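Student: sequence and predicted structure are below.
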Amino acid sequence: MVKGIIKKQRKSLPIYKYKHKILETINKSQVTILIGETGSGKTTQVAQYILESSLNSDKLIGITQPRRIAAISVAKRVAYERQSEIGSLIGYSVRFENKTSENTKIKFLTDGMLIRESLIDPILRNYSFLIIDEAHERTTNTDIILGLIRELITQRNDIKVIIMSATIEAQRFAEFFSSREIIEVHGRTFPVKILNAAVPEPDHIDATVIGIVQVHLDYPAGDILVFLTGQEEIEDVQAILLRKRKLLPTNSMDFTVCAMYAALPSHLQMKAFESAPENTRKIILATNIAETSLTIPGVKYVIDSGVVKERNYDPRTGMESLKIVKISKAAAKQRAGRAGRESEGICFRLFTSEDFNGFEDYSKPEITRSNLGNVVLQLKIIGHDPRLFKFMDRPDDIYIEKATQELRGLGALDGEEKITLLGRKMAELPVPPVLARILLASLEPQLQCTKDILTIIALLSVENLCYFNRKEANAMQIFKCSEGDHLTFLKIYQEWRKNKTKSWCKTHGLNRISIKRASMIRKQLRQYLKKYNPALVHAPNENILKCLAKGYYMNSAFLSADGTHYRTIKDREIIHIHPTSVLFQTRKKPQCIIFSEVIITTKKYVRGVSEADYGIIQSFLGTLKTK
Ligand SMILES: Nc1ncnc2c1ncn2[C@@H]1O[C@H](COP(=O)(O)OP(=O)(O)OP(=O)(O)O)[C@@H](O)[C@H]1O
């Protein structure tokens, strides 16, 4: 009975009509470009078509996704369609979680995981088919994969590649791979009506809350998926909605709220896929991680704020900034595409149609605006020269030069830019090179501070550890350490370990979800370092600061003579300590600081700030000059 329903549903998808053509093209061409509207069935069907055909071999069909939530949820869906347990015929592999077995034939994985597999086996001999899904998203990892595959097909003529995208950039993908095989799949499952705001909304959060309440009160049953920019906004909107829930008319339907953002533990993200109790509407507050590939059962309405948080790196100053920017037309279409998957849907856009016309067609590929430290490190390990590597969109030379310089400074590359043993060890760790360097420095016999550094790195890997904007207490101030934020983080964690209750977190202004996630990351990082047998003992603060300086020496700054600001040591840029830092209002400001990140708003602010070990900074900068 279930099998019959599934069969019928699969046959009803627009892509089904193209099955024969797709298989024929894959058979005759090494690279196929497949373009199709959202919901046409690309993600769930193409790998199954191959599996069911005579093209199938005893090797794997790999299908990549830019995000882990998509890889997991789509794998589960395909396993369901094949009526098989997840992890057997259909599996997935994402960072820190591998659900595959000897029997696995279709493997969903994040593109980051496929890069990790390339580090070990550059010709990816376990695969006979590689499907790159959502290629239009152009994440850094997708772009590296595209470049690696371009190289790979010259070495393996037995591998077939399918590039899948929802947009008309097909021609560019085809040119990049010198392929003439483009298939366009027309049609979508169900129509989605688009309703635009009549006038521009001055505040996207207010507009979102009003929009949610209106849809809830005025529209028939069906869940609502809402796009916001980040964890903090999601938590704020969640709190407002829960307050408003008490004021709802008694005759109206109830609602539940769940969240979906990258820093939320997987099992909580997956809650969005569970159906709400009877007569209750599910409202899912998500970032753009819910933008592509996902089918969230029950969702009939999408509310699109029209904005996204974008990370940009400036190689001239070495600073990274996070800004809320308008989304692209392609992203708006993807967001709308999350409705209309099980039945007709509506997308409420909190921007006018004129606004939409002014959006860029696509957002700029991430690789052209990111710190390339990790990219250069990974390419070096696979054996590519980043300066000659064929990127689909080449980052400016300065991005590669800066990353190479940084890696040399960190000791990952030698004077001739060859990868060092330290560099190889750094690449094994699932954190950016600077943090990997700090973790490895903590193992040095004269520092021996791995226990504490693990905690600090884990806490730096989560967002919004403390609530700053609320009237309640804030853990940073309660556990303030005069040496700065990193040791304050450590103290917070140590205190939390003694008392992990919800109420303790609340009275200490601590975000429980974030600290629990940090604890999980800490455990996983500890696993990676296990082979070095670290002495897991507490270390003096001085050692911890020395260790941090070894990674953050490029992010160091001196206090100005009048004590009002700092200037970065490398580029003489003026920076200010962010008000959330414990060093913001301190009476005696350190002469020299290191910092974890820069936030550019009205001024250039630095966050995650600590007193620096100047001796170490000086010696590191010295080595950089002599190289
Ligand atoms: N978990 C699910 N539950 C119910 N239906 C699903 C599920 N996953 C997929 N579907 C159905 O299969 C259709 C095709 O989904 P699929 O993800 O393959 O499309 P797609 O073309 O890859 O779209 P997109 O690019 O938007 O991800 C959906 O529109 C929906 O009708």
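Tutor: Arrived safely, thanks for sending. Numbers count the residues shown, from 1 in each chain.

Student: return the nearest residue of the stretch 351-500 of the chain with respect to the ligand.
Tutor: The nearest approach of the stretch 351-500 of the chain to the ligand comes at residue 362, 14.9 Å away (CB to the nearest ligand atom). Every C-beta, even on glycine, is put in place using the N, C-alpha and C of the backbone.

Student: SS state for that residue?
Tutor: coil (DSSP: H, G, I helix; E, B strand; the rest coil).

Student: let me see the contact set for the closest residue in space to residue 441 that isn't next to it in sequence.
Tutor: Once flanking residues are discounted, residue 441 sits nearest to residue 550: 4.3 Å by CB to CB, 6 or more residues apart in numbering. Contacts for residue 550 (CB atoms under 8 Å, 6 or more residues apart in numbering) come out as 437-438, 441, 616, 620.

Student: using CSV, write out the CA atom coordinates for the host helix or strand of residue 550.
Tutor: Under the criterion of DSSP states H and E, residue 550 resides in helix 541-552. Output in CSV follows, covering the C-alpha atoms of helix 541-552 (Å, rounded to 0.1, in the frame of the first residue of the first chain):
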residue,chain,number,x,y,z
ASN,A,541,46.3,31.9,32.5
GLU,A,542,49.6,33.1,31.2
ASN,A,543,50.0,29.9,29.1
ILE,A,544,46.6,30.2,27.7
LEU,A,545,47.2,33.8,26.6
LYS,A,546,50.5,32.7,25.0
CYS,A,547,48.8,30.0,23.2
LEU,A,548,46.1,32.4,21.9
ALA,A,549,48.7,34.8,20.7
LYS,A,550,50.3,32.1,18.5
GLY,A,551,47.2,31.9,16.4
TYR,A,552,45.9,35.4,16.7
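
Student: quick one: it to chain centroid distance?
Tutor: Taking CA atoms, centre = their mean, to the nearest Å, one finds the center of helix 541-552 at 27 Å from the center of the full chain.

Student: before we move on, back to that, correct me, but the residue of the stretch 351-500 of the chain closest to the ligand touches residue 333?
Tutor: No: at 10.7 Å, residue 362 does not count as touching residue 333 under the criterion of CB atoms under 8 Å.

Student: which one's more surrounded, the two?
Tutor: Ranked by neighbour count (other CB atoms under 10 Å), residue 362 and residue 333 place residue 333 first, with 19 against 16.

Student: which one is that one nearest to, not counting chain neighbours?
Tutor: Nearest to residue 333 is residue 38, by CB to CB, 6+ apart, at 6.8 Å.

Student: correct me, but the one you found touches residue 332?
Tutor: No: the criterion here is CB under 8 Å, and residue 38 misses it with residue 332 at 11.3 Å.

Student: spit out the residues that contact these two alike.
Tutor: Common neighbours of residue 38 and residue 332 (criterion: CB under 8 Å, 6+ apart): none identified.

Student: low-confidence ranges, this protein, go.
Tutor: For the chain, the stretches with pLDDT under 70 are 168, 468-473, 623-627.

Student: assumed residue 453 was part of a strand.
Tutor: No: assigned with three-state DSSP, residue 453 falls outside any strand and is helix.

Student: identify the residue spatially nearest to it, adjacent ones excluded.
Tutor: Among residues not flanking residue 453 along the chain, residue 442 sits closest, at 3.8 Å (CB to CB, 6+ apart).

Student: ok, the one you found - contacts?
Tutor: Residue 442 makes contacts with 448-450, 452-454, 534, 547, as judged by CB under 8 Å, 6+ apart.

Student: go on, residue 349?
Tutor: So residue 349 contacts 194-197, 304, 306, 332, 336, 356 (CB under 8 Å, 6+ apart).

Student: now the two most distant members of those residues.
Tutor: Distance extremes for the contacts of residue 349: the farthest pair is 197 and 336 at 14.2 Å, using CB to CB.

Student: those two - which one has more neighbours?
Tutor: Neighbour tally, residue 197 and residue 336, criterion other CB under 10 Å: the higher count belongs to residue 336, 20 against 16.

Student: separation between the spatially most central residue of the chain and residue 344?
Tutor: The chain has residue 262 as the residue nearest its centroid, 6.0 Å off, counting by CA atoms, centre = their mean. Distance, residue 262 to residue 344, using CB to CB, to the nearest Å: 30 Å.

Student: likewise for residue 239?
Tutor: In terms of CB to CB, residue 239 sits 32 Å off from residue 344.

Student: residue 41 now?
Tutor: Residue 41 sits 17 Å away from residue 344, taking CB to CB as the criterion.

Student: now, the contacts of residue 349 that are in strands?
Tutor: Among these, the residues falling in strands (DSSP state E) are 194-196, 304.

Student: just name the closest of those to residue 376, please.
Tutor: Nearest to residue 376 among the ones in strands among the contacts of residue 349, with distances taken as CB to CB, is residue 304, at 35.6 Å.

Student: that closest one against residue 228, yeah?
Tutor: No: shown here, residue 304 and residue 228 do not form a contact pair, counting by CB under 8 Å, at 9.8 Å.

Student: around the ligand, which positions in the stretch 101-250 of the chain sit nearby?
Tutor: Within the stretch 101-250 of the chain, the positions adjacent to the ligand are 166, 189 by CB under 6 Å from any ligand atom.
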